[in-house]
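3D model of this:
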Amino acid sequence: MVFFSIPNEKTISINVNPNSTTISAFSQLIHQRTHLPQSLIRYSLSLRNANLRDDSDVTLSDLGFGSSSTVYLHIPLLGGGARFDLLDSNPPANYVAGLGRGATGFTTRSDIGSARIAPGKSINEAEEEENQNQNQNHHTFDEFEGNDAGLFADSVYDEEDKEADAIWEAIDKRMDSRRKDVKEAKIKDEIENYRASNPKICEQFSDLKRKLDNVSAEEWDSIPETANYSRQKKKKRFESFVPVPDSVILDKSLDLTAVGEGRGTLLSLKLDECSHSFSGKASVDPKGYLTELKTLEAEVPDVFHVNRSRVLLKSVTMSNPKNPNGWIAAARLEERAGNLKVARVRIQRGCEEGPKEEDVWIEACRLAKPEEKKAVIARGVKQIPNSVKLWLEASALEDDARKSLVLRRGLENVPDSVRLWKTLVDMVNEEDAVVLLHRAVECCPLDVELWLALARLETYENTKKLLNKARVTLPRERGIWITAAKVEEANGNTDKVGTIIEKGLKALQSEGVVINRERWIEEAEACERTGAVATCKAIIESVIGFNVEEQDRKRTWVADAEECEKRSSIETARAIYAHALTVFLSKKSIWIQAANLERSHGSRESLDAVLRKAVLYLPQVEALWLMGAKEKWLAGDVSAARVILQEANAAIPNSEEIWLAAFKLEFENKEMERARMVLGKARERGGTGRVWMKSAVFERELGNVEEERRLLEEGVKRFPKFFKLWLMLGQLEERLNHLVQAKRVYSSGLNHCPHCIPLCLSLADLEEKKLNGLNKARVILTNARKKCPEEDELWLAAIRVELRHGNKKEAERLMSKALQELPKSGILLAADIEMAPQCPLPKMKIKDALKKNCVKEGYVTASVAKIFWRERKVDKARKYFERTVKLNPGNGDFWALYYKFEVQHGSEEKQREVLNRCVVSEPKHGEKWQAVSKALENSHQSVEVILKKVAIALNREGHILT
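Residues are numbered from 1 along each chain as shown. Okay, the predicted model is just below:
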């Protein structure tokens, strides 16, 4: 401890050790306590030793100071020999000498110009000093302030700087607090992403650990014990083999063959021991002993689990003997182990420990001997007389004559058991059932099924009284009102059915019952299945509009009808359409859907009634008139079809569709004069190009070439944009072998219809096969592709032209370019698959084509089916043919391929199925199909005949479109 006295008569104590504290350290401590200049403090201490120059190593004890000494501070007077340190220190910031007394200086050019070399310094010394200053500035480079850091290196940190730093620090804290939530959320997301990508081992199996709650005791027992597999991964130790000694080889008396036989005998003895100890056989099957050993190894762990389970279940039954599950599990374990006698003992013990548990008694009855089952169940019933399960089990053990007696006895003990009443009623005749059900509804008044069962067996008057009583007892049950409606319908009072349903809905709503529209529609379908059609219709009329917005009614009702039709609830769908048509009388789509329903599931009379009613409200809709006429024609009533078309013509005088339908009716029935007259009237009434086309087709059928030519030439003058007339005229010239005129017709047609693909293909085919050959056909197809680059048929035609002339490389080049232009064209993908070498199969092309969501996908699937057909993979081929006809049922070529396939590999039943499905689909497209169906000799042939002809024309190895 050293004391320090200062001039203001204050003495402070400083806890230092004079022997170890230097003067420099001591002066720093005093400066921190008193803020006195250290130079002054060192000056006062140096007065005790005038020779002191360096105080870095001089201690206080060297100056004579000891513990509890007092050091006095001496301040020298002005004018003394001592020099003030302030003369050697730096001036304050912004200090200007003489500014306080008004003596300001002035600046000369030498002050701002090039610096002069200080007197006494050489030029080299000045340059060296300047380089040192530059290096010093370079070393004082700061990343934030740059080289300017040296400007403020010697500045004093005053209060203003401190205040400014405090303000900026507060601003930074404020900004950090504003971004705190965003930063925390970002950090949280980063942590979660890191944990998700790098989960811990315990987290990876957390979902499996949660599922352990549902693992039963049997499943725990079935988990095998883990074995030690570590040795399997270890390298086998080197096994040393000792060669046979020479003495053994030289010993001629030793028989090595006998040694080998002895080893075989020893192995046989060991196998015999295994056989005696495990299988009980006296000998071992030399062919099957290995199999038996495998079976033995599989049974050993089962025995281990049984023993372990015995211990666990014994602990369960001992710790909680009143728990029936433990006894049942123990008994079943012994039963599985083959100890049936022990199992009976276990379950008997369970009956003694828990006599009021019905599950134990049922298990005891199951395990008991056949002659003891009744006694066991009797003891159980005596212990638990109100157990429904035990009474049902007891009745199951009796013969048919005594079952009802046991159930009656059970009902004496448990009169409110619905299950016992239902079981007993099912066993007795109708008269006894009525009596029993009357008693049942008294004992169980809240079970609606008992009320309804009694209502079905009672008379009409009694049923009405009974249902009224049930309605009072169960006011929230809709089944009572529906049964009441069924009863009225069954007794011929169909006019009361709707009233009952409406009254029931109001009563249920008053009781707070929510009317579930879908549930009531299901009830209507159930009524239809039971034959209560009037009740079904009444329910639909009453509830079909519940909770349906006005703007959604049409869409919702049509969807409901379609769903009912899918579930074969035809009367329900018919009722929905009938109600919808009362609201939407002018909606053509609903009338057509209702007509389609009658055509599919109704009679011809019902369909005719719907169509008659439809044309009454919508007389301007052509489709309804045509549908009615077609149905009459298909029914064989041609006169009625004519009458309907006449009425349609009167309602819609200038309808081209009706004129063409009348022509088709007469043409198909071989009334040629009538057909010609109808077409003549249609042309006079200003028909379109279709009328002229039909007229030309009619004359072609009759063989009138000149009349056909006249009609076509007149037609192309009237309708130059109707390409079919140009096409038919060119085909007529080709048929007459007027090739130059045919070329002229096709060219004229292309001038009027430059984007018509059939005209381009016909002209190219004419040039290739009959006129100028390959080069001209190439030019035509190239020009057509320039006009219509997105038409895949043009690309395919160009590829086929090259293939027909053996230019395979050019065809492949065109195919590659075509697929670049149209990568999703099904026709081009199918052609690419068939152009590929078939050995090996073009699997990659097939896979890529099937993955693409291509247009006309049916062509791709048909090509794949043909490949599987060629490879004799019948099931796969049939699968892809089925997929093809579902994707494009209107293409007759696909049906012909499918039919041809079934003729070769399918049964007659399958062939007939494909044929019938094709007839229903009525295909109109397909190159082969159109070529065959439009031939003169096939003009009146049925779909079945055309299908068989197309199947013959199609070559299995050829392309679909060839």
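
can you tell me how far the residue nearest the centre of the chain sits from Asn704?
Compute the mean C-alpha point of the chain, and by Cα atoms, centre = their mean the closest residue is Lys851, 17.7 Å away. According to Cβ to Cβ, to the nearest Å, Lys851 and Asn704 sit 54 Å apart. From N, CA and C alone the C-beta is placed, and that goes for glycine too.

show me where pLDDT drops low in the stretch 651-800 of the chain?
Across the stretch 651-800 of the chain, nothing is flagged by pLDDT under 70.

three-state assignment of Glu412?
helix (DSSP: H, G, I helix; E, B strand; the rest coil).

What's the local residue count around it?
By the criterion of other Cβ atoms under 10 Å, Glu412 has 9 neighbours.

Report the separation between it and Trp361.
From Glu412 over to Trp361 the distance is 19 Å, taken as Cβ to Cβ.

what's near enough to touch the residue nearest to the centre of the chain?
Lys851 sits next to no residue when contact means Cβ atoms under 8 Å, 6 or more residues apart in numbering.

Can you give me the pLDDT of it?
Listed pLDDT for Lys851 reads 78.

what about stretch 561-571, average pLDDT?
For stretch 561-571, the mean pLDDT works out to 92.

list the buried ones in it?
Of all the residues in stretch 561-571, those buried under the rule 16 or more other Cβ atoms under 10 Å are 561, 564-565, 569-571.

cool, and stretch 346-360?
The neighbour-count check on stretch 346-360 (16+ other Cβ under 10 Å) flags 346-351, 353-354, 357-358, 360 as buried.

go on, stretch 851-871?
854, 856-869.

Now name the helix or strand holding the residue lying closest to Arg409 once chain neighbours are set aside.
Of all residues not flanking Arg409 in the chain, Trp391 sits nearest, at 7.6 Å (Cβ to Cβ, 6 or more residues apart in numbering). Using DSSP states H and E, Trp391 maps to helix 388-397.

which residues sit against that helix?
By Cβ under 8 Å, 6+ apart, helix 388-397 touches 358, 361-362, 365, 373-374, 377-378, 380-381, 384, 403, 406-407, 409-410, 413-414, 417, 419-420, 423.

do the same with stretch 640-648
615, 622, 625-626, 628-630, 632-633, 655, 658, 661-662, 665.

Can you turn the buried subset of these into a selection I can paste into PyMOL?
The PyMOL selection below is limited to those of the contacts of stretch 640-648 classed as buried (16+ other Cβ under 10 Å):
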select buried, resi 615+625+626+628+629+630+632+633+655+658+661+662+665
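
Nearest to Pro789 among the contacts of stretch 640-648?
The closest of the contacts of stretch 640-648 to Pro789 turns out to be Glu622 (Cβ to Cβ; 37.9 Å).

In space, what's closest to that closest one - neighbours in sequence excluded?
Glu657 (4.9 Å).

Was I right to think the one you found contacts Met627?
No - here Glu657 lies out of contact with Met627, judged by Cβ atoms under 8 Å, at a distance of 11.6 Å.

More neighbours: the two, which one.
The neighbour count for Glu657 versus Met627, taken as other Cβ under 10 Å, is higher for Met627 (22 against 14).

what's the helix or strand for that one?
Going by DSSP H and E, Met627 is in helix 622-634.

Check Ala453 too.
Using DSSP H and E, Ala453 sits in helix 448-457.

That helix - contacts with which helices or strands?
Judged by 3 or more Cβ pairs under 8 Å, 6 or more residues apart in numbering; DSSP states H and E, the packing partners of helix 448-457 are helix 418-427, helix 430-443, helix 460-473, helix 478-490.

Deepest-packed of these, please.
Of those, the one with the most neighbours on average (mean count of other Cβ atoms under 10 Å) is helix 478-490, at a mean of 22.

Toward the C-terminus from that one, list the very next helix or strand.
helix 497-510.

What is that next one packed up against?
Using 3+ Cβ pairs under 8 Å, 6+ apart, the elements in contact with helix 497-510 are helix 478-490, helix 533-543.

Tabulate the ones you listed in CSV, adding columns for mean pLDDT and distance to Ser319.
Shown next, in CSV, are the helices and strands packed on helix 497-510 (pLDDT from 0 to 100; distance: least, Cβ to Cβ, whole Å):
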stretch, mean pLDDT, distance to Ser319
helix 478-490, 90, 50
helix 533-543, 92, 59
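
any chance of those in JSON lines, plus distance to Glu160?
Formatted as JSON lines, the helices and strands packed on helix 497-510 follow (distance: least, Cβ to Cβ, whole Å):
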{"stretch": "helix 478-490", "distance to Glu160": "89"}
{"stretch": "helix 533-543", "distance to Glu160": "86"}
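
residue contacts, Ala862?
Shown in contact with Ala862 (Cβ under 8 Å, 6+ apart): 830, 880-881, 884, 893-894, 897, 960.

all helices for the stretch 651-800 of the chain, in order.
With DSSP state H, counting those that start in this stretch, the ranges of helices along the stretch 651-800 of the chain come out as 656-668, 672-684, 689-702, 705-718, 723-735, 739-752, 757-770, 774-787, 792-804.

quick one on the thing from earlier: find the pair from the contacts of Ala862 with maximum spatial separation.
Across those, the longest distance by Cβ to Cβ is 14.7 Å; it joins Tyr880 and Asp893.

So which of the two has more stuff around it?
Neighbour count, other Cβ under 10 Å: between Tyr880 and Asp893, Asp893 has more, with 26 against 21.

Which single one of the buried residues of stretch 346-360 is nearest to Ser748?
Distances from Ser748 to those, taken by Cβ to Cβ, are shortest for Glu358, at 97.2 Å.

Quick check: that closest one vs Arg332, distance?
Looking at Glu358 against Arg332, where the rule is Cβ to Cβ, the gap reads 17 Å.

try Asn704
According to Cβ to Cβ, Asn704 and Arg332 sit 93 Å apart.

Same drill for the two, tell me which one is more crowded.
A side-by-side neighbour count of Asn704 and Arg332, using other Cβ under 10 Å, places Arg332 first with 18 against 14.

If we ignore the residues flanking it in sequence, what's nearest that one?
Nearest one to Arg332, counting by Cβ to Cβ, 6+ apart, is Ala343 at 7.2 Å.

Contact partners for that neighbour?
So Ala343 contacts 330-335, 367 (Cβ under 8 Å, 6+ apart).

let's go with 10 Å and repeat that
Ala343 sits next to 330-337, 363-364, 367 when contact means Cβ atoms under 10 Å, 6 or more residues apart in numbering.

What of Leu60?
Neighbours of Leu60 in contact, by Cβ under 10 Å, 6+ apart: 2, 16-23, 25-26, 45, 66-67, 69, 71.

nearest to Gln731, of those residues?
Nearest to Gln731 out of those is Ala25 (Cβ to Cβ; 122.6 Å).

Just give me the neighbour total for the closest one.
Using other Cβ under 10 Å, Ala25 has 15 neighbouring residues.

Help me confirm that it comes into contact with Ile41.
No - with contact defined as Cβ atoms under 10 Å, Ala25 does not count as touching Ile41 (11.4 Å).

Reformat the buried residues of stretch 346-360 as TSV; add secondary structure and pLDDT.
Listed next are those as TSV, based on DSSP: H, G, I helix; E, B strand; the rest coil; pLDDT from 0 to 100:
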residue	secondary structure	pLDDT
Arg346	helix	89
Ile347	helix	89
Gln348	helix	89
Arg349	helix	89
Gly350	helix	88
Cys351	helix	89
Glu353	helix	88
Gly354	coil	87
Glu357	coil	88
Glu358	helix	88
Val360	helix	89
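
and Ala661, what does it touch?
Taking Cβ under 10 Å, 6+ apart as the test, what Ala661 contacts is 622, 625-626, 629-630, 633, 641, 644-645, 648-649, 655, 678.
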